[in-house]
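*Asks:* How does the following fold in three dimensions:
(2 chains)
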Amino acid sequence: MKFVDFVSSEAIRTNIGSDDKESVVRAMVSALQDVGKIAEDQFDSIVEAILKREELGSTGIGRGVAVPHTKHPSVNELISTVAVSKEGVDFDSLDGEKVHLLFLLISPPDRPGDHLRALENISRQLRDDTFCSFLKQCKEPSDVWQLLEEADNNQFVS
Amino acid sequence: MSVVRKAVVVSNPQGLHARPAELFSRLALQYESDIEVIRDDLRIDAKSILNLLTLGAAQGTVLVLEARGTDADKAVEALERLVVSNFKADETLSQESSG
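*Replies:* The predicted structure is shown next:
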């Protein structure tokens, strides 16, 4: 699965600052709502579900990356967006590092395979130091999108 | 220094997604041994969630657990138990801390 298959380019954010976990999740879901990827009346339910999942255990997976996510019956396909925080967000990651890159995922309840493949793609690409550090330095959403496209074309992972 | 190796099948329907990966690495971190997980030609550090997610291990995937170190035996046994229990980690972790 490639980034361009599941990331909504118009909902990418690069200026989310160092707010708390909840504000960042709200901003990302809000960005998805703005581009019509999720229904307005589902906003609260989706944010609540993502935060509830975080209570089970942080989705900070290490190396300054977090993958806040939930299953949600209101979506028919895997929906995702990316956010970059220059200052870093405190996300209670296992390795204690602040989070600079966030990949938020909302998936239909009956498609665990798509969710797993998205996680696999994200984690494989982010193992590459160059890709990781370039992404963290992105100032514009279009820069993020360009990097994701380059990663899809195997320009980082050998 | 002993090396312990054991194959285990991921059997929970959701596969090795973020939550199981967190539980697995958290448990692995409790051991001094170097622990790796092998899937086909991919070999990764079991103590990293990010690395575990690169396995993309769906239901039915065979993973080989390999530990090197003084507590390699215990590490592999505990991690195998976690996978076999379909990542019902709370039980496994409490067994670890009480044992």
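*Asks:* residue boundaries of the strands in chain A?
*Replies:* Assigned strands in chain A, in chain order: A:60-62, A:65-66, A:69-71, A:79-89, A:99-107 (criterion: DSSP state E).
*Asks:* now the closest residue to chain B within chain A: how far from residue A:30?
*Replies:* Residue of chain A nearest chain B, by C-beta to the nearest C-beta: residue A:120 (3.2 Å). For every residue, glycine as well, the C-beta is placed using N, CA and C. Distance, residue A:120 to residue A:30, using C-beta to C-beta, to the nearest Å: 27 Å.
*Asks:* Looking at those two, which one has more neighbours?
*Replies:* residue A:120 (20 against 14; other C-beta atoms under 10 Å in any protein chain shown).
*Asks:* where does that one land on pLDDT?
*Replies:* Confidence at residue A:120, expressed as pLDDT, is 96.
*Asks:* Which helix in chain B has the most residues?
*Replies:* helix B:72-84 (DSSP state H).
*Asks:* how about that helix as PDB, C-alpha atoms only?
*Replies:* Output of helix B:72-84 as PDB, limited to C-alpha atoms (Å, rounded to 0.1, in the frame of the first residue of the first chain):
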ATOM      1  CA  ALA B  72      17.100 -15.600  26.400                       C
ATOM      2  CA  ASP B  73      15.100 -18.700  27.500                       C
ATOM      3  CA  LYS B  74      12.700 -16.700  29.600                       C
ATOM      4  CA  ALA B  75      12.300 -13.900  27.000                       C
ATOM      5  CA  VAL B  76      11.400 -16.200  24.200                       C
ATOM      6  CA  GLU B  77       9.000 -18.200  26.500                       C
ATOM      7  CA  ALA B  78       7.200 -15.000  27.600                       C
ATOM      8  CA  LEU B  79       7.000 -13.500  24.200                       C
ATOM      9  CA  GLU B  80       5.700 -16.700  22.700                       C
ATOM     10  CA  ARG B  81       3.000 -16.800  25.400                       C
ATOM     11  CA  LEU B  82       2.000 -13.300  24.600                       C
ATOM     12  CA  VAL B  83       1.500 -14.100  20.900                       C
ATOM     13  CA  VAL B  84      -0.200 -17.400  21.600                       C
END
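*Asks:* Show me what it is packed against.
*Replies:* strand B:2-9, helix B:18-28, strand B:34-39, strand B:62-69, helix B:89-98 (3 or more C-beta pairs under 8 Å, 6 or more residues apart in numbering or on different chains; DSSP states H and E).
*Asks:* ok and the shortest one relative to helix B:18-28, angle-wise?
*Replies:* What it means is strand B:34-39. Relative orientation of strand B:34-39 versus helix B:18-28 (axes from the mean of the first three to the mean of the last three C-alpha atoms, to 10 degrees): 150 degrees.
*Asks:* All set, thanks.
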